[in-house]
Each structure stands twice: as C-alpha cells, then as structure tokens.
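Undergrad: curious how this folds, go ahead:
(one chain, ligands or ions: 1)
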Amino acid sequence: MEQIADFKFDIPTRIEFGNQVFKKLGKLCRGYGNKALVISYKDRSLHAFVEECVFLLKAENIATCLFEEVEANPTHTLINKGAELACSEGCDFVIGLGGGSAIDTAKAVSVATVEKIDIWEIVEGKELTQTPLPLVAIPTTSGTGSEVTQYAVISNRELKRKEGFGKKEFYPHLSLLDPYLTVGMPSSITAATGLDALTHAIEAYTTRLANPLSDLLAEKAIQLVADNLRTAVYSGQNMQSRYNMMLASMLAGMAITHADTSLAHVIGEAIGAVFNTNHGLTVALTLPAVMEYNCFTNLDKFANISALMGEAVNHLAPRDAALLASSAVRKLIGDVNVPTCLAEMGVKRDETVLDLCSRPGWDATNLRSAKRADFQDLIEGSLSPELSYWKITTK
Ligand SMILES: [Fe+2]
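TA: The predicted model follows:
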C-alpha cells in the first residue's frame, strides 16, 4: 500500500517483559504510592497471584486493598464501586491483575477515583479534570493488549451499550509482562484471547490509519500468533509459545493504539453489548467475513497476511494470494477447539446490533465504507461455518 501520510508514535508505558518479572513488582512500584488497590477477578482464579502481589508490595512497605469483583465485560456500576473503595481506603495507585477485563476496570477506576463521578459520564465524552491515579497492568492472558493501550471497554447493561473509549491518560504507567503468569490459563481462554490478538493485528494492518511502524508491529504479531497459538492451546506448559503469544499480544496492542481496529471490532462490540458474548471469540468469528469485505482494498497486504500465516503463496498473483487470507484465519479458528461461527455462541439476527454498528462514523477507520446493509451481510456471513461474506453477496 502506498504510505503517504505523516505519522507519530508514542507509547508512554514502561514495559518490563520476561519470565519472572512479576517478582520485581514491589521494587518497580516504588514511587507510585503508599497503598495500592489491587483489582482482579470475582472467581478468584488468580487469587494466588493476588496474594503474591500483596506479599511483594508489603516487602516495600506498600499497603494493599483488594477488589476481586471483576467479571467479563465490566460494567460502569462495577467501576464506580471500585472507585468508591479506592477513595474510602485512601489508595493512591491501582494495579490491574488479570485479562483485559481486569486491566480495563483498573484503567477506569484510576480515572473515576479522582473524578468522583459516574464513569459513564466519561464514556459519554465528559472531559477529565484530574490526573488519574498511577496504574500498573499485570496481564495473565495474551490477547487484549490492554496493557499497552489507552483503551478501555465498558458495558452499560441498562442501556445495552458496550463502548470502547480511549484517552491518553489511560495508558498504564507500568506493565509487567510475565509469560509464566499465563501458563495456567485454560486452553479455551488461551484460544479466545489469542484470536483477539490476531484480530487486533490484522485489523490494525488494514485500517485507514495504518502507518509503517504499526505495520511492522502488526506483521510480527500476525506471524507470532499463526506460529504459536496452536501450541499454546494444546501444550500450555510450552514456555516458548507462551512467551511468543504474550509478545504478540503486546505488539498487536501497540499496533491498534496507533492504527485502531475496524469492522470486526465494531460488530463484535455491538454483539457483545446485546448477547454478552466473549470478546475475543466474537471479533475473531466476524473477522474472516470482514477480511473478505476488505480484500480488494489492498491486495498486497492481504496477500502478505496469507504469507505470514503460512499459506503457500509463492508463484501466486497478489489477487490469488490475497483470497487465501480469510481461509487462513478460518483454519486457525478451526484448529483451536472453539466455536466456529456466531450462531454456535448463541448470536442471532438482531436489529439492535445493526443499529449499534450503523451509527454514523463507526466505519471511519475502514478503507471501505460500510452501511447498515453491509453490516447485515457481514453478520449473516459469520453466523454459520458454511457461510462467508462472499457467499452471502454472490448468491
Ligand atoms: Fe479486541
């Protein structure tokens, strides 16, 4: 693709990456504050890590308060509750330990604690008046990239809304990326989060905002997921695959920070708002149809995706190589023991989903504009494994 636009690139987050970097938590948190609100999951599946967190901070005379109430698709009411706790306990920094939901919650709590208003007002556009509390992100999954982005996704069940929104103040101050923390992750979560990372990488690579640096990050992330996700799912103790998937998640997160996501995430968030589905799976199951919709906007890039995912593209013309990209994604989805279509996740045709997708400007990052009828075709093409966007639109 012709690259003609100026671009800037800025990641304010300090990254500590490597096996056992979690052990350095206490020392690395010196200077952030005297009492941390540690945010993690309601099911306490990560409670051993939370306890270690408390121990490591205590060694540096840093007190802690625990908020283990996060569930998938965190809501504004959960965030407001966390902020009230941080205020009443006098916490002066926040740690998010877990997957994207825990880190997104931590981002939003760090804002709501100082703003002292309903976080939904911020989601709806109210400007920040205070500097958020310092934030430390410790991912235990490899997928959302939230540890290096300015985005948080927050749900409002009453309004049936799920909004991703970003502010530069949302970047974590510090992210500890320790692949050992992902070794115990169940294979189903490994698969779903890994496919989220792939979707970030492919979408960032093909949006209107892609730039030469985000392309480099996205290309590497696509290749890492294609080469390592199967091993991470079926051989979770394999440290090389865990390391590479965490690296892929981080690189794809950096890519979307600058190039954004596109229609798979627009549709995925809308479906998630209505059906409360798993984020990574929902966007990944929509991705092949979106790739087919976009394929002819940039043959070279889609041909390159095919090559990066291991398709035999030598000697193929760019058009023929590009056509293999969506099937390469379908093969990977089919190999990692997850639902292979939206209908298997309980998603049905739904007017509210279409209303949410079709809001003006929500196709702005995509190289090809999309109207309500296009979103309808994209969802229809993702409902069954026998369907595709191409089949829907050529019948
Ligand atoms: Fe995502």
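
Undergrad: which residue ranges of this protein form strands?
TA: 14-17, 35-41, 63-70, 93-98, 135-139, 151-156, 161-166, 174-177 (DSSP state E).

Undergrad: could I get those in TSV, plus columns for mean pLDDT and distance to E121?
TA: In short, each C-beta sits where N, CA and C put it, glycine included. As requested, the strands of the chain are exported to TSV (pLDDT from 0 to 100; distance: least, CB to CB, whole Å):
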stretch	mean pLDDT	distance to E121
strand 14-17	97	30
strand 35-41	97	21
strand 63-70	97	21
strand 93-98	98	19
strand 135-139	98	20
strand 151-156	92	11
strand 161-166	84	12
strand 174-177	98	27
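
Undergrad: would you turn those strands into TSV with distance to N244?
TA: Output for these, formatted as TSV (distance: least, CB to CB, whole Å):
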stretch	distance to N244
strand 14-17	12
strand 35-41	25
strand 63-70	27
strand 93-98	21
strand 135-139	15
strand 151-156	23
strand 161-166	26
strand 174-177	12
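
Undergrad: so which of these is nearest H265?
TA: strand 161-166 (7.2 Å; CB to CB).

Undergrad: where does the stretch 1-150 of the chain have low pLDDT?
TA: 1-4 (pLDDT under 70).

Undergrad: for the stretch 201-350 of the chain, same thing?
TA: In the stretch 201-350 of the chain (pLDDT under 70), no residue qualifies.

Undergrad: what about the helices in it?
TA: 212-234, 239-259, 263-275, 279-294, 299-308, 318-322, 325-335 (DSSP state H, counting those that start in this stretch).

Undergrad: and these, which is most packed in?
TA: helix 279-294 (a mean of 27; mean count of other CB atoms under 10 Å).

Undergrad: those helices in the stretch 1-150 of the chain, which residues are they?
TA: Under DSSP H, counting those that start in this stretch, the stretch 1-150 of the chain gives helices at 25-28, 47-58, 76-89, 100-115, 119-123.

Undergrad: of all the ones you listed, which one comes closest to A252?
TA: helix 100-115 (12.2 Å).

Undergrad: show me what that closest one is packed up against.
TA: Packing contacts for helix 100-115, counted by 3 or more CB pairs under 8 Å, 6 or more residues apart in numbering; DSSP states H and E, involve strand 35-41, strand 63-70, helix 76-89, strand 93-98, helix 119-123, strand 135-139, strand 151-156.
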